[in-house]
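Colleague: would you be able to build a 3D model of this:
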Amino acid sequence: MSRFNEYISQHYPLLILIAVIVFLLFLAVLILVITRKRSRNQEPSDPYEDMEGTEFEEYCADLLGANGFTEIEMTPATADFGVDIFAEKDGLTYAFQCKRYNHPVGTKAVQAIYAGRDFYHCMVGVVLTNAGFTTGAAKLAEAFNILLWDGNKLKELEKRL
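Modeller: So this is what the prediction gives:
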């Protein structure tokens, strides 16, 4: 028998143990790499997810205050004619409709703030959301002269908190 074969036969259990350890280390590194890659690709969780509608409105009111709006007033939860928050800034009166959604906001919110803005004689109507807007909502807002503040605008407002 050659020296190599003799060495293998004498140290066979040790070589098997080393091979198993190397394999387990390789497997652990592979799992770690896959896990990190998945966690990087996941969207961050929605920080507004656990907020009720009225909590989101209160949060928006706080954001407006932090961004120079004054005379901030929240409307009652019902019979608000489409307005959740009144505020003033730079001599303009604003009416806000706040929508915490996990999908794009549609035309109904634009219609509501349009009616509420005019009912309360405010100068500016705004739909403020953590999401985005449908194409129809954007077209209607343009026709009604309503501002659409989406999740990007919300993040911009949050910078001043």
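
Colleague: who does the residue lying closest to residue 122 once chain neighbours are set aside form a beta bridge with?
Modeller: Leaving aside its sequence neighbours, residue 122 sits nearest to residue 95 (CB to CB, 6 or more residues apart in numbering; 4.0 Å). Every C-beta, even on glycine, is put in place using the N, C-alpha and C of the backbone. Note on residue 95: beta-bridge partners by DSSP bridges are residue 86, residue 125.

Colleague: list the contacts for residue 95?
Modeller: Applying CB atoms under 8 Å, 6 or more residues apart in numbering to residue 95 gives the contacts 82-83, 85-86, 113, 116-117, 120, 122, 124-126.

Colleague: same question, residue 36
Modeller: Listed by CB under 8 Å, 6+ apart, the contact set of residue 36 is empty.

Colleague: pLDDT wise, what is it at?
Modeller: Residue 36 is assigned 74 on the pLDDT scale.

Colleague: helix or strand: which one has it?
Modeller: helix 12-41 (DSSP states H and E).

Colleague: rewinding a little: of the contacts of residue 95, which pair is most distant in space?
Modeller: Spatial extent of those (CB to CB) is set by the pair 82 and 124 at 13.9 Å.

Colleague: look at those two and report which has more neighbours.
Modeller: Per other CB atoms under 10 Å, whichever of residue 82 and residue 124 has more neighbours is residue 82, with 22 against 17.

Colleague: next, that one: phi, psi?
Modeller: phi 90, psi 0 (degrees, to the nearest 10).

Colleague: ok, residue 71 next?
Modeller: Backbone geometry at residue 71, expressed as degrees, to the nearest 10, gives phi 50, psi 40.
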